[in-house]
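In: Model the structure of this input:
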Amino acid sequence: MQHLEQDQSYITLLSNREILDPFAALHSEFCNHPTVTTYLDRLFDIVTITVRKGYWRMYESPATLYRSYLSIARVLEAGWLLSKIMSGYKDIAKNSLPYEFRYRDSSFGKYHDDNAQYSFSEGANILLEGLYMEENALFGYRGDLHRMFFEGLEPSEYMWFGEFDRLSSCMLDELEALICLLHHLYSSSCYRRISKNSKKLLAEELLAAQKRQARYLYEKSYNLHKLKAESSSKQELYDALAAARSALVKKDYWKTHGEPGNMLLRFDDLLFLMEYFHDYLSQSKIRGMDIDGNWNYPDRFRLEIYHHTGRELSNPLLYLNEQFSRRNLEQWRSLLDACLDAVLDNAIPDSRQMEQYSELLEFLCVLIALIDIIEYEPYNDPQEYEENNY
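Out: Here you go, the predicted model:
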């Protein structure tokens, strides 16, 4: 994840329902792990590939590690939300608890209500708030986790050091403590009713996520020119899509190929492209641009699109409108996530999935070509959009 706004914590992986009820996210990740020990194996798998060169090959596929990474990141996001709404424990005498706990008495099968006397939850919340005390704590935890995972998959553009310094050790201790704490909170209560105050706070987080539209907050200066100059060239993105096609149709692809970390980097950039052009389409409509208007751009770009997709494209804006009418941004984004998972797997998707992934890869090929074509937008200063967006 490159060129993100620093020190900004926000939700990226939880569904709308899970934002409104963080315990639903914990249930999704912990329900098959009655003890925290089995879940912690996921964290230490990621640590292991960070310090042992080539050890990712010992797993069934890179997708196994990718799913562990996503699961832990989701748990961290749920914990961050809980740390925000459970602050009532700090001053129990003056504030009502944000959650009313209901837990099952295993001996009698009955449920009991508990409030301020539930000392474990009070202490657990103090620890939870302490771990998330820094304003950018979620950004830091998620960034450290991603760095370990990314480097463990040995991308070609990063030198592998296999080091685990004192700061990394402290970070790992905190991640382990967070996971243990959240698992304990999850397993200690079967039902939790969210108070009105907590619902308001969570609704605000949901509204913020919906307003953002893009999954990540990028640096304000980040645009298509910087993408090409500082992250991925067009050729590197085309090469990544070609490799993705090969991985989708060849069983056990990663047993004979290396550097799966490259896929993480390129798919992050492809996500940026997808969100960028969705915003470009929206802004074009606001500016009153004629979607059906003619575009005059060099034939070399028309040949580029035809070479990669077999498609002739005369009107980029009309094409974008058609694609985002077929699937909205969230649907395309979900398909991109699923495609990355399938690419990192060593299995071959079924025919229906393969058809959807083929549509996605063609769409992405066109978006890559549009990086240069956008400057030929009719009746517009070529730099106007770039200077005022992203």
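
In: which stretches of the stretch 201-350 of the chain have low pLDDT?
Out: Judged by pLDDT under 70, the stretch 201-350 of the chain has no weakly predicted residues.

In: do that again at 90, thanks
Out: Applying pLDDT under 90 to the stretch 201-350 of the chain flags residues 212-213, 217-232, 287-294, 311-312, 314.

In: And the strands in it?
Out: Counting by DSSP state E, counting those that start in this stretch, the stretch 201-350 of the chain has no strands at all.

In: quick one, domains of this structure?
Out: The record assigns the chain these domain ranges, following automatic domain parsing: 16-212, 224-388.

In: Next up, identify which helix or strand the nearest residue to Leu270 once chain neighbours are set aside is on.
Out: Closest residue to Leu270 apart from its sequence neighbours, by CB to CB, 6 or more residues apart in numbering: Leu364 at 5.4 Å. From N, CA and C alone the C-beta is placed, and that goes for glycine too. Leu364 belongs to helix 351-373 when assigned by DSSP states H and E.

In: how about that helix: buried residues?
Out: For helix 351-373, the neighbour count (16 or more other CB atoms under 10 Å) marks 356-357, 360-373 as buried.

In: One more: stretch 57-72?
Out: Using 16+ other CB under 10 Å as the test for burial, stretch 57-72 gives 59, 61-66, 68-72.

In: Stretch 227-243 too?
Out: For stretch 227-243, burial by neighbour count (16+ other CB under 10 Å) applies to 227-228, 231-232, 236-238, 240-241, 243.

In: got those as a markdown table, with distance to Ser195 columns?
Out: Below are these laid out as a markdown table (distance: CB to CB, whole Å):
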| residue | distance to Ser195 |
| --- | --- |
| Leu227 | 44 |
| Lys228 | 49 |
| Ser231 | 44 |
| Ser232 | 46 |
| Glu236 | 50 |
| Leu237 | 47 |
| Tyr238 | 52 |
| Ala240 | 47 |
| Leu241 | 48 |
| Ala243 | 50 |
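
In: Can you tell me which of those end up in helices?
Out: Judged by DSSP state H, helices contain the following of the buried residues of stretch 227-243: 236-238, 240-241, 243.

In: ok, of the buried residues of stretch 227-243, which one's closest to His184?
Out: Ser231 (40.2 Å; CB to CB).

In: separation between the closest one and Arg266?
Out: Applying CB to CB, to the nearest Å, the value for Ser231 to Arg266 is 9 Å.

In: ok, now His33?
Out: 32 Å.

In: max-length helix in this protein?
Out: If you go by DSSP H, the chain has its longest helix at helix 261-286.

In: quick revisit: neighbour count for His33 and Arg266, which is higher?
Out: Arg266 (23 against 17; other CB atoms under 10 Å).

In: any idea how far the nearest residue to the more buried one once chain neighbours are set aside lies from Leu364?
Out: Nearest non-adjacent residue to Arg266, counting by CB to CB, 6+ apart: Ala240, 3.6 Å away. Separation of Ala240 from Leu364 (CB to CB) stands at 9 Å.

In: Now the common contact residues for the two.
Out: Leu270 (CB atoms under 8 Å, 6 or more residues apart in numbering).

In: picking up where we left off before, which single one of the ones in helices among the buried residues of stretch 227-243 is nearest to His27?
Out: Ala240 (35.1 Å).

In: list the contacts for that closest one?
Out: For Ala240, the contact set (CB under 8 Å, 6+ apart) comprises 232, 262-263, 266-267, 270.

In: Save those residues as JSON lines, and put in distance to Ser83 too.
Out: What follows is the contacts of Ala240, written out as JSON lines (distance: CB to CB, whole Å):
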{"residue": "Ser232", "distance to Ser83": "35"}
{"residue": "Asn262", "distance to Ser83": "35"}
{"residue": "Met263", "distance to Ser83": "32"}
{"residue": "Arg266", "distance to Ser83": "34"}
{"residue": "Phe267", "distance to Ser83": "30"}
{"residue": "Leu270", "distance to Ser83": "32"}
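
In: Okay, buried residues for stretch 328-345 please.
Out: 329, 332-333, 335-336, 339-345.

In: In CSV, list those along with distance to Thr38.
Out: Below are the buried residues of stretch 328-345 laid out as CSV (distance: CB to CB, whole Å):
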residue, distance to Thr38
Leu329, 36
Trp332, 35
Arg333, 30
Leu335, 31
Leu336, 30
Cys339, 29
Leu340, 25
Asp341, 22
Ala342, 26
Val343, 27
Leu344, 22
Asp345, 22
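
In: Which of these sits closest to Ser168?
Out: Set against Ser168, the nearest of those by CB to CB is Leu344 (24.1 Å).

In: isn't the closest one right up against Tyr69?
Out: No - applying CB atoms under 8 Å, one finds Leu344 not in contact with Tyr69, separated by 10.6 Å.

In: so the residue nearest to Leu270 sits right up against Leu271, yeah?
Out: No - the pair Leu364 / Leu271 is not scored as a contact, 9.9 Å apart, by CB under 8 Å.

In: now the nearest residue to Asp252 once chain neighbours are set aside: how far from Thr50?
Out: Nearest non-adjacent residue to Asp252, counting by CB to CB, 6+ apart: Asn346, 4.7 Å away. Asn346 is 21 Å from Thr50, where distance means CB to CB.
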